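[1] Make a model of this:
(one chain, ligands or ions: 1)
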Amino acid sequence: MTANISSYHAHIYYDVFATRGVADGIRSQIAERFSVRLGRWHDEPVGPHPQAMFQVAFLPQLFPTFVPWLMLHRAGLTVLVHPNTGSPRADHLVHAAWLGAVLPLKGEVLPEMQDIAEMDTEPNTRPQGAPAA
Ligand code: ZN
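    Sure thing, here's the model as predicted:
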């Protein structure tokens, strides 16, 4: 029932001291290649996320190019890819895909239901030229 997926998030986890630079490199490459909404840096754990991370929001049509690209270019970082269906708890805990290690999410802070109309997926990157390779 992919018609129920309004968008996806990729959460890219890093260690503030060891791998923030790696995450910054991935972030720059994403911005150059994909029309997505890059979220701000969270150097402290926020919400259900147990480590520092930044979020990338993207529309379903980008999944077949962006997620494979992440698989090949995550440079050892852990990435959580989850759909947004209006059920945040299930989206994170049941429907998610992990690249790399599986981290223990704090699922209890996630609401069962959320109005997806409030989610901002407007791209804020300006990819140049060639499609992702
Ligand atoms: Zn998310």
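[2] What sits closest to P123 if chain neighbours are left out?
    S35 (4.3 Å; CB to CB, 6 or more residues apart in numbering). Where C-beta positions appear, they are placed from N, C-alpha and C, glycine not excepted.
[3] Same check on A23?
    Y14 (3.8 Å).
[4] now do T125
    Leaving aside its chain neighbours, T125 sits nearest to A31 (4.4 Å; criterion: CB to CB, 6+ apart).
[5] Surely the one you found is within a helix?
    Yes. A31 sits within a helix when classified using DSSP: H, G, I helix; E, B strand; the rest coil.
[6] count of neighbours near it?
    Neighbour count of A31, defined by other CB atoms under 10 Å: 17.
[7] Tell me the confidence at it?
    Looking at A31, its pLDDT reads 97.
[8] Identify the residues contacting it.
    38, 125-127 (CB atoms under 8 Å, 6 or more residues apart in numbering).
[9] What is the neighbour count of the residue lying closest to R74 once chain neighbours are set aside?
    Spatial nearest neighbour of R74, chain neighbours left out: L99 (5.5 Å); criterion: CB to CB, 6+ apart. Neighbours of L99 under the rule other CB under 10 Å: 17.
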